[in-house]
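1. 3D, please:
(chains A, B, C and D)
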There are 2 protein chains.
Amino acid sequence: MNLPFKALSDPTRRKIIMLLRKEDLTAGEIAEHFDMTKPSISHHLNLLKQAGLVNDERKGQNIYYSLNTTVFQELIGWFFDIINVKEDGKNEENN
Amino acid sequence: MNLPFKALSDPTRRKIIMLLRKEDLTAGEIAEHFDMTKPSISHHLNLLKQAGLVNDERKGQNIYYSLNTTVFQELIGWFFDIINVKEDGKNEENN
DNA sequence: TAGATAATTAGACAATTATCTAAATATCTA
DNA sequence: TAGATATTTAGATAATTGTCTAATTATCTA
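-> Residues are numbered from 1 along each chain as shown, chains lettered A, B, ... in the order given. The predicted structure is shown next:
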């Protein structure tokens, strides 16, 4: 759970996640929303991917990014564990 | 929401949160669980406090730390926003 | 009030991170 | 195959962060 938390600690990366809520986007489309170079955005996308928060898929010249909700659900489980609200069939795991 | 995410990005601070899940603890009791100096733990506790994740209360010579679940619930809301919008399936025509 | 205990604050330093420019890779199309 | 477009990779640098030691603050008690 370290990489997801690290990935979420940056405002740019959280904004990228918000952009991907509604629709999958290419790296270029994502970069258009920021006052930052494309290599910087690419770096953030890579960290999000390593954390398992997004998937990428090449389609011709474009690489489409999409949310991978699996890790988000694990994170929600972590938070529920903190506030002692029990989820159905979820095991406890730290860290 | 920036400070809470920043605070949660460090493993030591997440472990502190886990310790406080079961009972309130003094700064010294928390420090005993780590191979790290007390000033370092104090620093982490300060960041957790600034993020609103913990409260502190002095009782004599001790300062007791406890979880403040309010911000945790806000964080859960943030995650649900992501999952819900995503799974309302606006863009199932992927690829 | 002096000494002991609990905890924080201050300041320094090394490691990590975010950002940039330049170069490289992958793909499409004429 | 050449040139254009989309994106990543490499390398450098400045800012941020985590940790330490030393000093300070707050409290208790004899």
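2. what about whichever strand or helix holds A:Lys15 and DNA strand D, any contact?
-> Assigned by DSSP states H and E, A:Lys15 belongs to helix A:11-22. No - Helix A:11-22 lies apart from DNA strand D when judged by CB under 7 Å from any atom of the strand; the minimum separation is 10.6 Å. The way it works is simple: take the backbone N, C-alpha and C, and place the C-beta from them, glycine included.
3. Next secondary structure element downstream of that helix?
-> Note on helix A:11-22: by DSSP H and E, the next helix or strand toward the C-terminus is strand A:25-26.
4. do that following strand and chain B meet at all?
-> No - using CB under 8 Å from any CB of the partner chain, we find that strand A:25-26 stays clear of chain B, coming within 10.2 Å at best.
5. helices and strands around that strand, which ones?
-> For strand A:25-26, the packing partners by 3 or more CB pairs under 8 Å, 6 or more residues apart in numbering or on different chains; DSSP states H and E come out as strand A:62-67.
6. count of neighbours near the closest residue to DNA strand D within chain A?
-> Closest contact between chain A and DNA strand D, by CB to the nearest atom of the strand, is at A:Gly28 (2.1 Å). Residues lying near A:Gly28 (other CB atoms under 10 Å in any protein chain shown) number 12.
7. so which helix or strand takes in it?
-> If you go by DSSP H and E, A:Gly28 is part of helix A:27-32.
8. Remind me what the next helix or strand after that helix packs against, helices and strands.
-> Using DSSP H and E, the helix or strand that directly follows helix A:27-32 along the chain is helix A:38-50. When contacts are defined as 3+ CB pairs under 8 Å, 6+ apart, helix A:38-50 packs onto helix A:2-8, helix A:11-22, helix A:27-32, strand A:54-59.
9. got JSON lines for these, with mean pLDDT and distance to DNA strand C too?
-> Listed next are these as JSON lines, based on pLDDT from 0 to 100; distance: least, CB to the nearest atom of the strand, whole Å:
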{"stretch": "helix A:2-8", "mean pLDDT": "98", "distance to DNA strand C": "5"}
{"stretch": "helix A:11-22", "mean pLDDT": "98", "distance to DNA strand C": "5"}
{"stretch": "helix A:27-32", "mean pLDDT": "98", "distance to DNA strand C": "10"}
{"stretch": "strand A:54-59", "mean pLDDT": "98", "distance to DNA strand C": "6"}
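10. Get me the contact residues on chain A for DNA strand D.
-> Proximity of chain A to DNA strand D is confined to A:26-29, A:31, A:38-39, A:41-43, A:45-46, A:56, A:61-63 under the rule CB under 7 Å from any atom of the strand.
11. out of the residues you listed, which are buried?
-> A:26, A:31, A:41, A:45, A:56 (16 or more other CB atoms under 10 Å in any protein chain shown).
12. Appreciated, that's everything.
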